[in-house]
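*Asks:* A predicted structure for the sequence below; I have some questions about it.
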Amino acid sequence: MNKNIQTFIGCDKEYSESDIAIFGVPFDGTTSFKPGTRFGPSAIRNESFGIETYSPYQDKDLSEINAFDCGDLELPFGNTKKVLEIVGNQTEQILNDEKIPVMLGGEHLITLASVCATLKKYPDLHIIHFDAHTDLRNEYMGEKLSHSTVMKCVWEKVGDNKIYQFGIRSGEKYEFEFAKEHTVMQKFNLNGFDNAVEKLKDKPVYFSLDLDILDPSIFSGTGTPEAGGVTFTELVNAILKLKELNVVACDINELAPMYDQSGVSTAVACKILREILLTLKGV
């Protein structure tokens, strides 16, 4: 792998010496409301130079870790299955090279491909899912593969009670009924996250962060904003607890930067990504 021309700030080590490999997936082909998340990965890279590499939350610096930025994947238009195949292959290669893949979306459906690739190496994989939406629909307008169905598709791969969902405040009634039987869901907030961390300490964990878990007053730059979300401080405090877990892969998705002309949403995404990177094992 060769370095991208522009990298996320502080993530410019060589691939061979890195513990973490970042890659972007500029895809929003199944977006159900307002598109634009395809521009998320490049916006995060560009705006990352407006933050510092040092985290006062963790007293750590990105310059102290070994992280490589692969850049964005080249994806075909209009072929969702091919996109997922490319994403899965990228994740699998990074894992086989004994590194932690950190995927930047793009829309949330891409999580399915990354989870499937991670399952090959970690069959007992558990999912921590931060989101405003259930993402447990059976289909969306006749389509099985959608960012509205992604966690239902993931459930079909991992099985019951291996998906821990937090911050959920939007979805169809049947999705919430399904969750009562098949996932571990905390509606509206992050209550109970400490208990989940305790349960998952000896498990391989995939962390998927849909940024619309944040309240739109903090993060308006997304295609599906939902009132009533968590605060930035609440989210960061939860992310800091990830260092207690064996997070083997993760993603951050659903930034649509053009819907927040102030640039605040992108800046928030950059800061959250910095904190995630500094919590990963090997750091």
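*Replies:* Here it is on my side, so go on. Numbers count the residues shown, from 1 in each chain.
*Asks:* excluding sequence neighbours, find me the nearest residue to Pro35.
*Replies:* Distance criterion Cβ to Cβ, 6 or more residues apart in numbering; nearest residue to Pro35, sequence neighbours excluded, is Asp28 at 4.8 Å. Where you see a C-beta, it was placed from the backbone N, CA and C, and this is true even at glycine.
*Asks:* typo on my end, Val268
*Replies:* In space, Val268 is closest to Phe219, 5.5 Å off (Cβ to Cβ, 6+ apart).
*Asks:* ok so, going back, let me see the contact set for the residue nearest to Pro35.
*Replies:* For Asp28, the contact set (Cβ atoms under 8 Å, 6 or more residues apart in numbering) comprises 35-38, 106-107, 223, 256.
*Asks:* how close does the residue nearest to Val268 sit to Leu62?
*Replies:* 22 Å (Cβ to Cβ, to the nearest Å).
*Asks:* tell me which of those two has more neighbours.
*Replies:* Shown here are Phe219 and Leu62; by other Cβ atoms under 10 Å, Phe219 has more neighbours (27 against 22).
*Asks:* so the more buried one sits in a helix?
*Replies:* No. Assessed by DSSP: H, G, I helix; E, B strand; the rest coil, Phe219 does not belong to a helix; its assignment is coil.
*Asks:* run a quick neighbour tally on the residue nearest to Pro216 when sequence neighbours are not counted.
*Replies:* Of all residues not flanking Pro216 in the chain, Pro225 sits nearest, at 4.0 Å (Cβ to Cβ, 6+ apart). Residue crowding around Pro225 was assessed by other Cβ under 10 Å; the count is 21.
*Asks:* likewise the one 3 residues further on?
*Replies:* In terms of burial, Gly228 registers 12 neighbours under the definition other Cβ under 10 Å.
*Asks:* give me the low-pLDDT residue ranges for the protein?
*Replies:* Applying pLDDT under 70 to the chain flags residues 3-4, 282-283.
*Asks:* which residue ranges form the strands in it?
*Replies:* 20-25, 54-55, 60-61, 67-72, 100-105, 126-130, 163-168, 184-187, 204-210, 246-253 (DSSP state E).
*Asks:* now those strands in a markdown table, with mean neighbour count and distance to Glu175?
*Replies:* Shown next, in a markdown table, are these (neighbours: other Cβ atoms under 10 Å; distance: least, Cβ to Cβ, whole Å):
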| stretch | mean neighbour count | distance to Glu175 |
| --- | --- | --- |
| strand 20-25 | 25 | 24 |
| strand 54-55 | 18 | 35 |
| strand 60-61 | 16 | 38 |
| strand 67-72 | 23 | 31 |
| strand 100-105 | 26 | 21 |
| strand 126-130 | 24 | 13 |
| strand 163-168 | 25 | 9 |
| strand 184-187 | 18 | 9 |
| strand 204-210 | 24 | 15 |
| strand 246-253 | 23 | 19 |
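*Asks:* want to try TSV for those, with distance to Val87 as columns?
*Replies:* Below are the strands of the chain laid out as TSV (distance: least, Cβ to Cβ, whole Å):
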stretch	distance to Val87
strand 20-25	6
strand 54-55	28
strand 60-61	29
strand 67-72	11
strand 100-105	7
strand 126-130	16
strand 163-168	19
strand 184-187	26
strand 204-210	13
strand 246-253	10
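*Asks:* looking at those, which is nearest to Glu92?
*Replies:* Nearest of the strands of the chain to Glu92, taken as Cβ to Cβ: strand 100-105 at 8.9 Å.
*Asks:* returning to that earlier point: quick check: the gap between the residue nearest to Val268 and Arg169.
*Replies:* Distance from Phe219 to Arg169, by Cβ to Cβ: 14 Å.
*Asks:* overlap in contacts of those two?
*Replies:* Gly229.
*Asks:* now do stretch 227-242: distance from first to last residue.
*Replies:* With Cα to Cα, to the nearest Å as the measure, the ends of stretch 227-242 fall 26 Å from one another.
*Asks:* actually stretch 40-58, not the one I typed
*Replies:* 25 Å.
*Asks:* give me the residues contacting it.
*Replies:* So stretch 40-58 is in contact with 4, 6-10, 24-26, 60-63, 69, 72, 104-106, 236, 240, 253-257, 263, 266-267, 269-271, 273-275, 278-279, going by Cβ under 8 Å, 6+ apart.
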